[in-house]
Structures are given as C-alpha cells and as structure tokens.
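> sequence first, then the predicted structure:
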Amino acid sequence: MSTDQTPVQAPQPPKDRKPVVIVDDVHVEYKVFATGKRPTAADRRSKVLRGRGKQMRTVHALKGVSFTAYEQDSIGVIGTNGSGKSTLMRAIVGLTPASRGAIYASSRPSLLGVGAALMKDLSGERNIILGGLAMGFSMDEIEASFDDIVAFSGLEKFIDLPMRAYSSGMTARLKFALASVQTHDILIVDEALAVGDRKFRARSEARIREIRDNAGTVFLVSHSMQSILDTCSRVIWLDQGTLVMDGDPEEVIDAYNEAQDK
C-alpha cells in the first residue's frame, strides 16, 4: 500500500523529559538474490531457482526515518506487513546496521519479540532460572520473582514440562513474563502481545504502562489497534520504509485505517 498522505510534523518535545532515542535520517538497505522475473511453474521445477540466473537486488527497507523518543514515551509502531516496523526496531537495538544516518540511545535497548529462542529440551522452570541468570539476577532474586513470573505467564500447570511441549503462544507468554520482570530503560515489544487470551493481554499492557511510568520508554509493534490505543501515548506509522505520521494515537490510527480502506 502506498499513501499520498503528507507527513505530519512530529510532536513538540516535552519540556520535562529528556530524549532517550534519536533516530536521525536512517536508511537500511540490504541485498537479496532474485531471478529477475516472476517464476513460472516450469521455472520452479528447473535449475533457475536453485542458483542459476539469479540477480542481486537491493531492498530499501527504511528510507530516511527520523524521530526522537523521550522518557515515559510509549510509542506504538504501526504499518502493513513489509512496511519496515521490525527492521526499525532491530536497527534501534543494533541488530541491523543503518546504511545511512544514525541512531543514538541513552542506554542499551532491550528487544522483546516472540521469536527469541528458549531451550526447548528444558522445562519452563529451568528456562526461568537460566534466563534470569543470563539477565544478571542472582539465585535469590530469581527465587523471589519465580512465583510472580509463573503466575503472570499463566503456565502454573505446565511449568514443569519441557518447552518443546509448549505452543508458540505459551512460549511467548513465558518469555514476556521473564523479560518484563527486569527494569528496562528502553524496551521494544515486537508483536509479543498478539498471543494469549484477553486476561494475558491486559496484564501485559498494564506491565508496559508500569515500565513507562517508571521513566522507561517503550516501543510496541502491533497489528492490534486496540492494544496500541490502550497502551501508547504516541504512534508512528510506517509505509514502505517511510515515516508517514507521528503523533496522537487516535489521529494516526484513524488516518491509517482510512488509508487502508481506499
């Protein structure tokens, strides 16, 4: 989807909060192999898709994105699939290098996404212990938080089972419960609230607001406009790698929905 919407001026910087993330004219480009044409059924059975006839193509995933995030901002990030949302989040964390432009952060951002791997042959209980140690907690601190982590995830009946028996939703719930127990200055949540029932989403949204209220900054990538409205104080809308709007959640979401209906 392409939009002719004129970019809206960024919100005025708050006087009483310091900037924590500055994204300055960031471009991300990467190269992929392509055949140079749409494959036919015959192509799919031939050697073309196994290496012959391939061409290098440049994908421009982010195109001059600029904005500033401040303390206690909870920023929703919306856009259709392929709009550059996850690329932007990975660039902020440092997992994807910017081709041009720069990103500055006052502390190391933490990425919380549903794709991060846990050790599937170990139980949920053992993963909490190992994950807590990896996050820098002592055994006493892990023990003190253990029951809260399990209760938050809603996995009391399954915590002693190996993780390979968990559904993707159960895995994501445990990961969110474990990661969010830590104090974060900058937390990026990439589609992690798309799993679980209504009660879990409500608990997760409340935890995000708690992090924000404790002077943290949260980015929430989601296709759930209701979660964005319930959680975020600001929304940025990406389309084909370009920042289209940055502002009040209701105004940005209304404009986004209107563009989708065209």
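Looks like it arrived, so ask away. Nothing here was measured: the structure is a model prediction, and the numbers come from that model. Numbering: from 1, shown residues only.

> show me the strands in the protein, by range?
19-34, 55-70, 74-78, 100-105, 110-113, 186-190, 217-221, 234-239, 242-247 (DSSP state E).

> distance check, the closest residue to residue 207 other than its chain neighbours against residue 190.
Spatially, and ignoring its direct neighbours in sequence, residue 207 is nearest to residue 180 (5.0 Å; Cβ to Cβ, 6 or more residues apart in numbering). C-beta: built from backbone N, CA, C; applies to glycine. Computed with Cβ to Cβ, to the nearest Å, the distance linking residue 180 and residue 190 is 13 Å.

> need the overlap of contacts for these two.
residue 112 (Cβ atoms under 8 Å, 6 or more residues apart in numbering).

> count the residues that sit near residue 164.
Neighbour count of residue 164, defined by other Cβ atoms under 10 Å: 11.

> and if you look at residue 183?
Quick note: residue 183 (other Cβ under 10 Å) scores 10 neighbours.

> so it makes contact with residue 214?
Yes. Residue 183 lies in contact with residue 214 (Cβ atoms under 8 Å); the separation is 7.2 Å.

> low-confidence ranges in the stretch 51-200 of the chain?
51-54, 113-117, 192-197 (pLDDT under 70).

> do a quick rundown of the helices in it.
85-93, 124-134, 139-153, 168-179, 198-213 (DSSP state H, counting those that start in this stretch).

> run through who's touching the second one.
Surrounding helix 124-134, the residues in contact under the criterion Cβ under 8 Å, 6+ apart are 118-119, 122, 139, 141-142, 145-146, 149-150, 153, 155, 158-161, 163, 166, 174, 178-179.

> which ones are touching the nearest residue to residue 242 once chain neighbours are set aside?
Among residues not flanking residue 242 along the chain, residue 63 sits closest, at 5.0 Å (Cβ to Cβ, 6+ apart). Residues near residue 63 by Cβ under 8 Å, 6+ apart: 27, 240, 241, 242.

> can you tell me which of those residues are buried?
The neighbour-count test (16 or more other Cβ atoms under 10 Å) applied to the contacts of residue 63 identifies 27, 240, 241, 242 as buried.

> wait, isn't residue 22 in contact with residue 106?
No. Using Cβ under 8 Å, residue 22 is not in contact with residue 106, being 9.2 Å away.

> kindly state the beta-bridge partners for the residue nearest in space to the middle of the chain.
Most central in the chain under Cα atoms, centre = their mean is residue 190, positioned 2.1 Å from the mean C-alpha point. Under DSSP bridges, the beta-bridge partners of residue 190 are residue 113, residue 221.

> quick check: it vs residue 109, distance?
Taking Cβ to Cβ, one finds residue 190 at 12 Å from residue 109.

> cool, residue 152 as well?
If you go by Cβ to Cβ, the gap between residue 152 and residue 109 works out to 22 Å.

> also residue 124?
Distance from residue 124 to residue 109, by Cβ to Cβ: 26 Å.

> the two: who's more crowded?
residue 124 (25 against 22).

> hmm, back to that, of the strands of the chain, which approaches residue 200 most closely?
Nearest to residue 200 among those is strand 186-190; the distance by Cβ to Cβ comes to 13.4 Å.

> give the other helices and strands that that closest one contacts.
helix 85-93, strand 110-113, helix 198-213, strand 217-221 (3 or more Cβ pairs under 8 Å, 6 or more residues apart in numbering; DSSP states H and E).

> and for it, what's in contact with it?
Counting by Cβ under 8 Å, 6+ apart, 20-21, 69, 85-86, 89, 92-93, 105-114, 176, 180, 208, 211, 216-222 sit against strand 186-190.
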